[in-house]
Each structure stands twice: as structure tokens, then as C-alpha cells.
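J.: Sequence and predicted structure below; questions after.
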Amino acid sequence: MIPPTVIAGDFNYPEIEWTTWSTTKSEEHHSQKFIDACRDAYLHQHTTQPTRHRHGQNESLFDLVFTNEEHMVLSIDYLPGLGISDHAVMIFNVHVYTPTTGQAQPKYRYHKGNYASMNDQLNDVDWSLMDILSMQEAWKFLHHLCSGYGTVHHKICANKGSPEKAFWRYCNSKLKNKLILGDTKNSEGAVVQGDKEKADLLNKYFASVYTQENIENLPSLDTKYDGPPLSKMNITAHTIRNKILKLNVNKAKGPDGLHPRVLRETAALISKPLCHLPEVTRQQLLAHELEDQQHNANTHEGQQNSRSNKKAGYKMRSVELQSTPGEKDLGVFVDDAVKFRDHVSYAVNKASRLLGLIRTTFSCIDEDTLPRLFTTLVRLHLEYGNIIWHPRYRIDKIKIEKIQRRATKLIPHLRRLSYEKRLQALKLPSLEFRRRRGDMIQVFKIMNGLDRLDPEIFFLRAGGRCIRGHKDKLLMRHSRLEIRKNVFSQRIVQDWNSLSE
């Protein structure tokens with residue numbers, strides 16, 4: 001394990017933008033080399049405000065605080081300088097070890113449940129009672145049976161999860177400090193300490209920033225189905241059982257509070273009473289709209305989707321949209337110049353943090369472990385949506401590739417090899433190759449109708465004008481601007497035409 005590390009001082013790099021870990025200088029400039037050195041050491045920088053103020057000059061961020069764990073410094077207080085010094089005084093607390101708060105909430109070990117006994121008890125239930133119950137009462141009756149038997153027959157312990165969950169659980173156990181929700185002040189300035197009071201306070205805040213949608217003038221949607229309406233749903237016990245058996249037992253409970261492992265192990269018995277529920281109940285079960293349980297789930301989902309709203313409504317029709325330097329659309333940061341420099345910095349920073357977490361928590365990494373960790377947890381952040389934001393500048397391509405370069409050096413006996421030989425030893429392609437390969441796959445899908453996109457809109461076919469190579473060659477349209485040359489439909493032409501038949 002790497003010991004907790006704190007580095008603080010006056011580094012005198014005013015040209016570095018630490019929110020994006022980027023600089024306007026060239027790749028060979030000392031500021032860019034300093035950023036690379038910090039990333040090589042997997043450090044986190046915590047200073048967010050300018051620390052040097054001199055009359056007649058622009059304020060600058062000179063004084064930096066680095067740690068090797070993200071949550072070691074949660075906040076920094078900036079005070080006026082001492083005497084005639086033009087540097088601010090910075091006060092911060094270093095959290096090396098996170099204290100335990102109360103007793104851990106018990107969890108069930110669902111994979112070790114006594115499901116044979118549970119099925120025996122469910123088999124003794126008189127299911128005919130459900131015929132005289134109402135829709136909600138019948139569901140509550142079945143829900144109570146499954147929940148009650150689950151409490152009796154499952155041992156208390158950590159839940160067995162998917163490999164991704166196991167990774168994060170292992171990483172969190174190795175970290176010296178963890179991010180916890182401290183005491184919070186309400187609107188009146190009073191300190192809130194209880195967990196329930198904190199949850200109520202956060203819930204009240206989330207509700208206050210909801211976007212009030214105008215539901216009076218809803219747009220009309222195109223009809224996608226012209227067949228006869230669905231008048232009756234023929235749902236059998238066999239159908240319900242097959243659906244339940246496809247549940248992923250490594251997932252958490254749903255809004256109904258039932259673990260998927262419990263449902264799958266008892267599928268043969270509960271599918272019959274589920275089939276006998278009234279038609280309305282079955283539709284609600286399929287749509288997950290049962291009582292307050294789904295209402296709470298929708299509320300939670302709404303809070304997640306609304307947490308970035310700023311309580312400032314805007315309209316797209318009849319009102320001009322305000323200009324903005326950039327927006328995040330489907331996880332991709334789009335700037336007003338369509339250069340995607342901010343998104344490249346965002347993806348590189350996120351991947352670098354995850355790579356640092358792997359380095360901090362895994363003491364033994366070999367040729368089998370590293371490719372799995374990197375391809376599963378890190379590389380996806382560098383490739384998500386790259387057909388749209390494909391890096392156009394050389395410096396951005398280098399920044400992205402450096403993440404994989406740094407990752408391949410985590411194996412001690414491969415560090416002195418060249419990057420190409422390290423990739424061969426780990427059987428990994430370069431990220432540049434994967435981007436070009438992804439472009440070719442997307443072109444193939446569009447050209448062969450595998451995606452619902454019109455190829456005539458994207459590409460200009462060569463037709464009979466090209467007699468060499470394959471028959472689906474494309475022509476490159478004239479592009480006056482560099483931004484047009486890097487668009488997907490233009491940049492792929494040369495690589496696509498060079499493919500063999």
C-alpha cells in the first residue's frame with residue numbers, strides 16, 4: 001500500500017488551468033511536462049481559487065495542494081496574506097483516516113439462502129386466498145410472503161455482487177479515507193446531524209430545483225405502429241417464470257424491495273399466483289407502477305436527473321436560446337467551436353483518476369490482471385462517443401494515448417520496454433488503432449443498413465468512377481474548414497477506401 005502523501009507549495013505555474021488539467025502552451029513547454037509528472041505520480045490537486053493577488057496584475061493560482069488520494073482534502077479556506085505578502089494564506093485539514101460512524105447496516109447473503117425450505121413453505125400457502133383480495137391486497141400478500149421468508153432464511157453479511165461491484169468494494173476497503181456526508185446546515189443556519197434529518201434536507205433541496213414542465217402544449221409524436229391495438233394480454237405462468245429466470249442475481253433490489261435472487265429461486269411457485277392476479281395488476285407489475293414503491297423510485301430517479309438543474313427554465317420554441325460556450329449532451333461536452341478540447345480533458349482526467357485508484361489499491365498487478373482492469377474500468381471513458389468527439393489535434397491524441405502508456409508501466413518488469421513491446425506483451429492495441437477501427441465498424445453498419453441511418457445523408461458513393469479496390473468506395477466532399485474535414489463522414493473516407501474487398 002502507498003502511504004498517504006501531501007505536497008503543498010508555490011509552484012508558479014499560472015498558465016495551467018487546473019479545472020481541466022490543461023495548458024495553452026505546447027507539448028514541450030515546462031507547464032505541460034509538469035502536468036504529465038503529476039499524472040505519472042497519480043496526484044490530485046485541490047486548490048480552486050487564485051492565491052496570488054498583486055495590484056495592477058491579474059490574479060493567479062500559484063500555490064497548490066497535492067495528495068495521492070482524492071478525499072484527503074475536502075475544503076480549503078483562503079485568507080488574506082501575512083504582512084506585505086501577495087500570496088493568500090491557505091488553511092486546510094488533511095483527512096488520513098476516516099472515522100467509523102455508527103454500526104454498519106447489515107446486508108443479506110442471498111447466494112447462501114435456504115431456498116429449499118423457502119419453497120417448501122411457499123408450497124404450503126393457500127393461494128386461493130388471492131382470489132378474494134383486491135389488486136393491492138393481493139400484491140401485498142405475495143410481497144409479504146417473499147420478504148418474510150427472505151428475512152428468516154438469509155444470513156447477514158456483505159452481499160455478493162458482480163465483478164465491477166467487487167472491484168469498488170475492494171478499492172474502498174483499501175483507501176485510508178472515504179467521503180462521508182458531514183453535518184449540514186439548513187436554511188435557518190441550524191446544524192443538522194441525524195441521518196434522517198440530512199436525508200429530509202437533501203430531499204427538500206432536490207424538490208426545489210425541479211424543472212416545471214409545461215404539459216399543456218405537448219408535441220405530437222409520430223405513430224410507429226399501424227397494426228391493431230393490444231386489447232388483451234395473454235400472460236401465462238410459463239411466461240412469467242421464464243422472465244424471472246432471466247433476472248441478474250448480482251443486481252440490487254428493485255423498488256419492490258425483493259432481491260432478484262429470491263425471485264429467481266422461487267420462480268416456479270410465485271409465477272402461478274402472479275398469473276392469477278387481475279389483468280390490471282399484471283400490467284402494473286410489468287410496468288413497475290405498484291403503489292408508493294415505484295413512486296419513491298421515480299422520485300429518486302428524478303432527483304438524479306434533476307441535480308444539475310439550476311432552477312432557471314428556458315424554452316426552445318418562440319423564445320431565443322441563450323448563448324453558451326459549451327453544453328454536455330449524452331455524456332459528451334460540446335463546445336461552441338466544436339473542437340471537443342474540454343471533453344478530451346474531461347475523459348483523460350477521469351481515466352487518470354481511475355488508473356491512480358488501481359495503482360493505489362492493487363499491490364500486485366501482472367499481465368492477466370492489468371488488461372482486465374484497464375479495459376473494463378478505464379478504457380471505456382476514453383472511447384465513449386469518440387465517433388462524435390474524435391480528437392482532431394495531435395496534442396489531444398497524445399494526451400489520450402498517455403493514459404494507456406502509463407497503465408502499461410504499472411507492471412514492474414515491463415517498464416523498461418518500449419510502448420509497442422508493452423502492448424504486444426499485454427495483447428492490447430493502441431487507442432489510436434481502436435478509434436480508427438471503431439470508425440470502420442460504424443461505416444459498415446451504416447452502409448449495410450444495420451443502423452437506422454440513411455447512408456446517402458452521410459456519404460457520397462463513388463459508384464463506377466473507381467475501378468480499383470472494393471465496390472463500396474466513397475468520395476470525399478470538398479471541405480473549406482478544418483472542422484469539416486474532421487467530421488465522421490469526411491475523416492473515414494481514406495481509411496474506408498483503403499480496405500480490401
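T.: Thanks, I have the structure now.

J.: Count residues in the vicinity of the closest residue to Ile398 other than its chain neighbours, would you?
T.: Closest residue in space to Ile398, ignoring its immediate chain neighbours: Glu27 at 6.5 Å, by Cβ to Cβ, 6 or more residues apart in numbering. Every C-beta, even on glycine, is put in place using the N, C-alpha and C of the backbone. Neighbour count of Glu27, defined by other Cβ atoms under 10 Å: 12.

J.: in this structure, which helix or strand is least confident?
T.: When the helices and strands of the chain are scored by mean pLDDT, DSSP states H and E, strand 155-156 comes last with a mean of 32.

J.: picking that back up, I'd say the residue nearest to Ile398 and Ile395 touch.
T.: Yes. Glu27 is within contact range of Ile395, at 5.5 Å (criterion: Cβ atoms under 8 Å).

J.: ok now the helix or strand Tyr205 falls within, how far from the chain's centre?
T.: Using DSSP states H and E, Tyr205 sits in helix 195-208. Computed by Cα atoms, centre = their mean, to the nearest Å, the separation of helix 195-208 from the middle of its chain amounts to 24 Å.

J.: do the same with stretch 68-78
T.: 23 Å.

J.: and the closest residue to Lys251 other than its chain neighbours, how many neighbours?
T.: Leaving aside its sequence neighbours, Lys251 sits nearest to Pro260 (Cβ to Cβ, 6+ apart; 5.6 Å). Residues near Pro260, counting by other Cβ under 10 Å, number 18.

J.: do Leu423 as well
T.: By other Cβ under 10 Å, neighbour count at Leu423 equals 18.

J.: Contacts only, for it.
T.: Applying Cβ atoms under 8 Å, 6 or more residues apart in numbering, we find Leu423 in contact with Gln404, Thr408, Pro429, Ser430.

J.: For the last one, which residues are in contact?
T.: Spelled out, it's Ser430. Ser430 sits in contact with Glu401, Gln404, Leu423, where contact means Cβ under 8 Å, 6+ apart.

J.: rewinding a little: contacting residues around the residue nearest to Lys251?
T.: With contacts defined as Cβ under 8 Å, 6+ apart, Pro260 is in contact with Leu247, Asn248, Val249, Lys251, Lys253, Gly254.

J.: Mind picking the one among those that's closest to Asp329?
T.: Distance to Asp329, by Cβ to Cβ, is smallest for Lys251 among the contacts of Pro260, at 28.3 Å.

J.: What strands line up against the host helix or strand of Val65, and which way round?
T.: According to DSSP H and E, Val65 maps onto strand 63-67. Here strand 63-67 is paired, per DSSP bridges, with strand 6-10 (antiparallel), strand 44-45 (antiparallel).

J.: which other residues reach it?
T.: 4-11, 13, 18, 38, 43-47, 51-52, 73, 76, 87-88, 90, 92, 94.

J.: Please flag which of these sit within helices.
T.: Here DSSP state H is the test, and those give Cys38 as lying in helices.

J.: Distance of His53 relative to Pro80?
T.: His53 sits 9 Å away from Pro80 when distances are taken as Cβ to Cβ, to the nearest Å.

J.: out of the two, which sits in the busier spot?
T.: His53 (15 against 9).

J.: In the stretch 51-200 of the chain, mark out all the helices, start to finish.
T.: 115-123, 135-153, 163-174, 195-208 (DSSP state H, counting those that start in this stretch).

J.: What's the mean pLDDT across the second one?
T.: What it means is helix 135-153. Helix 135-153 shows a mean pLDDT of 64.

J.: again, but for stretch 203-219
T.: If you average the pLDDT over stretch 203-219, you get 77.

J.: so how far does it reach from one end to the other?
T.: 31 Å (Cα to Cα, to the nearest Å).

J.: and if you look at stretch 375-390?
T.: OK, stretch 375-390 end separation, Cα to Cα: 19 Å.

J.: List the buried residues for it?
T.: Residues Leu377, Val378, Arg379, His381, Leu382, Asn386, Ile388, Trp389, His390 are the ones in stretch 375-390 that count as buried (16 or more other Cβ atoms under 10 Å).

J.: now swap in stretch 12-26 and tell me
T.: Result for stretch 12-26 [16+ other Cβ under 10 Å]: buried residues Tyr13, Ile16, Trp18, Thr20, Trp21, Ser22, Thr23, Lys25.

J.: what do you get for stretch 251-258?
T.: For stretch 251-258, burial by neighbour count (16+ other Cβ under 10 Å) applies to Pro255, Asp256, Leu258.

J.: wait, what's in contact with Asp183?
T.: Val191, Val192, Gln193.

J.: Ok, Lys427 next?
T.: Pro371.

J.: ok, now Thr184?
T.: So Thr184 contacts Val191, Val192, Lys198, Leu201, Leu202 (Cβ under 8 Å, 6+ apart).

J.: Could you turn the buried ones of these into a PyMOL selection?
T.: Buried members of these can be picked out in PyMOL with the line below, counting by 16+ other Cβ under 10 Å:
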select buried, resi 192+198+201
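
J.: In the contacts of Thr184, find the pair that's most separated.
T.: Farthest pair in the contacts of Thr184, by Cβ to Cβ: Val191 and Leu202, 14.8 Å.

J.: Pop the domain breakdown of the chain in here.
T.: For the chain, the domain assignment from automatic domain parsing gives the residue ranges 6-92, 102-214+232-313, 327-428, 440-497.

J.: Most tightly packed of those domains?
T.: Looking across the domains of the chain with neighbours counted as mean count of other Cβ atoms under 10 Å, the highest average goes to domain 327-428: a mean of 17.

J.: centre of the chain versus that one, how much separation?
T.: The mean C-alpha position of domain 327-428 is separated from the chain mean by 15 Å, Cα atoms, centre = their mean.

J.: Regarding it, how distant is the last residue from the first?
T.: End to end - Cα to Cα - domain 327-428 spans 33 Å.
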